[in-house]
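A.B. asks: A predicted structure for the sequence below; I have some questions about it.
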Amino acid sequence: MVIDAFLPKHLRRRDWLALAATSIALPSFATTAAHTPGLLTSWVIDDQAWAGVWQPGSAPRGVALPKRAHEVQMLHPALGHPGQALAVARRPGETLLRFDTRSARAVLWHDIEDDRVLCGHACYALDGSALYTTETSTDTGAGFIAVRDPVSLEKIREFSSGGLDPHMVLVEPDGTLLVANGGLLNLPETGRTKLNLQQMDSSIALLDAATGAQRQAWRASDPFLSLRHLARAPNGTVAIAMQAEHSDAAARRNAPLLALLDTQGLRTIALPENLALGGYGGDVAFVPGRNSPNDDRFVVSATHAGQLAWWSAQGGDPRQLPLPGAGALASLGPDWLASGAQGGVRGEVATHRVDQQLASVHWDNHGKWLA
């Protein structure tokens, strides 16, 4: 690992230099060809966090992080930095990192402003001219969308996210922003403790990217469902993965994980009685059918239940596939990969089944397909 000139201000240099001398202790796997598709993601080994690339048949390779990352994605191609990726710190986070996936080298560390914390997700404007990050105020817990320079990562301006606890932001085809406001209040002095469970107000907000004005908002009929992750189908339907915050354990365990937003509004997809998924959706993805659009599906990682839960693109025909600690989901066309906190990776690449176990690797919740 190469030490970069841009170190996070909260890291003492001697600690970072000591980390540089360490290596990733992993099982031995066969070398994978450079063109093999893979998963751009983050993981933890022996309490050390990393972000980088995993390819089937190999060990992951990446950059050491001061704390866990949440979302990792390639830079927008219009920025002219091929091979570089962005890692966003897990909430409440302080650091953004640009790094090179090919050399596993840090390029730029950026600490955000002292009165804000990152909420784990970011996305680029359609033309790559801006980076949008979800953030909260350290003073009030109010939610914000920061508009950042996509290369320097400096903040240009910000506007309200339309609620509390903004988690994921998605750019719509017309350039507007779709924000999943989780609705929970957290403050630095109380960590991840949820301070407003009885008054939580989760929503999906549609914002004007130029002015920040809220054009529309949607809420689930159950106020204890926190709307957190987003995935769009080609026809415009957006799937939302939810996390239940009910005080009753049984209600939480049996709560729905999926909602769909389309031209008819927001509807929650109820679970059949024989399917309990733990009330926690860690990620969501759209996977088109390999042979027919009739096989198009949304998949949600049911992290607490250790399952991948599949629905048709209309929200019917629920199915499940075991994956302990299910988290990151990535797809490109009908090919897909999923990883779990206990080291497992499952998927299908060019009709070939992927099923690996990396015992020492604890995968984080999100990933992107790396062609």
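C.D. replies: Arrived safely, thanks for sending.
A.B. asks: So for stretch 252-265, first residue to last residue, what's the gap.
C.D. replies: Stretch 252-265 has an end-to-end distance of 24 Å (criterion: CA to CA, to the nearest Å).
A.B. asks: quick one: buried residues of that stretch?
C.D. replies: Buried residues in stretch 252-265, counted by 16 or more other CB atoms under 10 Å: 252, 253, 254, 255, 256, 257, 258, 259, 260, 261. For glycine as for every other residue, the C-beta is placed from the backbone atoms N, C-alpha and C.
A.B. asks: Give me the mean pLDDT for it.
C.D. replies: Summarised as a single mean, pLDDT over stretch 252-265 is 94.
A.B. asks: ok so, going back, which two of the buried residues of stretch 252-265 have the greatest separation?
C.D. replies: 253 and 261 (24.7 Å; CB to CB).
A.B. asks: helices or strands next to the helix or strand where residue 369 lies in the packing?
C.D. replies: Element membership for residue 369, per DSSP states H and E: strand 362-370. Counting contacts by 3 or more CB pairs under 8 Å, 6 or more residues apart in numbering; DSSP states H and E, strand 362-370 packs against strand 38-45, strand 69-74, strand 281-287, strand 326-332, strand 335-340.
A.B. asks: thought residue 85 was touching residue 101?
C.D. replies: Yes. Between residue 85 and residue 101 there is a contact under CB atoms under 8 Å: 5.2 Å.
A.B. asks: Need the residues touching each of these two.
C.D. replies: Common contact partners of residue 85 and residue 101 (CB atoms under 8 Å, 6 or more residues apart in numbering): 40, 74.
A.B. asks: And the strands in the stretch 101-250 of the chain?
C.D. replies: Here the stretch 101-250 of the chain has its strands, by DSSP state E, counting those that start in this stretch, at 105-111, 116-124, 131-137, 142-148, 155-164, 166-171, 177-181, 203-207, 214-218, 225-232, 238-244.
A.B. asks: Including mean neighbour count, could these go into JSON lines?
C.D. replies: Listed next are the strands of the stretch 101-250 of the chain as JSON lines, based on neighbours: other CB atoms under 10 Å:
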{"stretch": "strand 105-111", "mean neighbour count": "18"}
{"stretch": "strand 116-124", "mean neighbour count": "24"}
{"stretch": "strand 131-137", "mean neighbour count": "25"}
{"stretch": "strand 142-148", "mean neighbour count": "21"}
{"stretch": "strand 155-164", "mean neighbour count": "19"}
{"stretch": "strand 166-171", "mean neighbour count": "24"}
{"stretch": "strand 177-181", "mean neighbour count": "26"}
{"stretch": "strand 203-207", "mean neighbour count": "22"}
{"stretch": "strand 214-218", "mean neighbour count": "15"}
{"stretch": "strand 225-232", "mean neighbour count": "24"}
{"stretch": "strand 238-244", "mean neighbour count": "26"}
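A.B. asks: Among those, which comes closest to residue 95?
C.D. replies: Nearest to residue 95 among those is strand 105-111; the distance by CB to CB comes to 5.7 Å.
A.B. asks: Tell me the strands beside that closest one, with direction?
C.D. replies: Using DSSP bridges, strand 105-111 pairs in its sheet with strand 95-100 (antiparallel).
A.B. asks: Just the mean pLDDT for the partner strand, thanks.
C.D. replies: Average pLDDT, strand 95-100: 97.
A.B. asks: can you list the weak-confidence ranges in the stretch 101-250 of the chain?
C.D. replies: In the predicted model of the stretch 101-250 of the chain, residues 189-191, 195, 197 satisfy pLDDT under 70.
A.B. asks: what's the burial count for residue 114?
C.D. replies: Using other CB atoms under 10 Å, residue 114 has 8 neighbouring residues.
A.B. asks: sorry, back to before: please find the angle between the direction vectors of the strand holding residue 369 and strand 166-171.
C.D. replies: Interaxial angle of strand 362-370 relative to strand 166-171 (axes from the mean of the first three to the mean of the last three CA atoms, to 10 degrees): 10 degrees.
A.B. asks: Report the mean per-residue pLDDT for strand 362-370.
C.D. replies: 94.
A.B. asks: For it, which outside residues touch it?
C.D. replies: Under the criterion CB under 8 Å, 6+ apart, residues 37-45, 53, 55, 68-74, 90, 101, 282-283, 301, 303, 325, 327-332, 335, 337, 339-343, 345 lie in contact with strand 362-370.
A.B. asks: which of the residues you listed are buried?
C.D. replies: 37-45, 53, 55, 68-74, 90, 101, 282-283, 301, 303, 325, 327-331, 335, 337, 339-343, 345.
A.B. asks: May I ask you to confirm that residue 228 is in contact with residue 180?
C.D. replies: Yes. Here residue 228 reaches residue 180: they are 5.4 Å apart, a contact under CB under 8 Å.
A.B. asks: For those two, list the residues in contact with both.
C.D. replies: In terms of CB under 8 Å, 6+ apart, residue 228 and residue 180 are both contacted by the residues 167, 168, 240.
A.B. asks: for residue 76, what are its contacts?
C.D. replies: The contact partners of residue 76, by CB under 8 Å, 6+ apart, come to 124, 125, 128, 150.
A.B. asks: Give me the buried entries from those.
C.D. replies: Buried subset of those (neighbour count, 16+ other CB under 10 Å): 124, 125, 150.
A.B. asks: quick one, what contacts residue 130?
C.D. replies: Applying CB under 8 Å, 6+ apart to residue 130 gives the contacts 124, 147, 148, 149, 150, 156, 209.
A.B. asks: Test of understanding: give the bridge partners of the second one.
C.D. replies: According to DSSP bridges, residue 132, residue 157 are recorded as the beta-bridge partners of residue 147.
A.B. asks: Just confirm it contacts residue 129, I think it does.
C.D. replies: No. Using CB under 8 Å, residue 147 is not in contact with residue 129; the gap is 9.7 Å.
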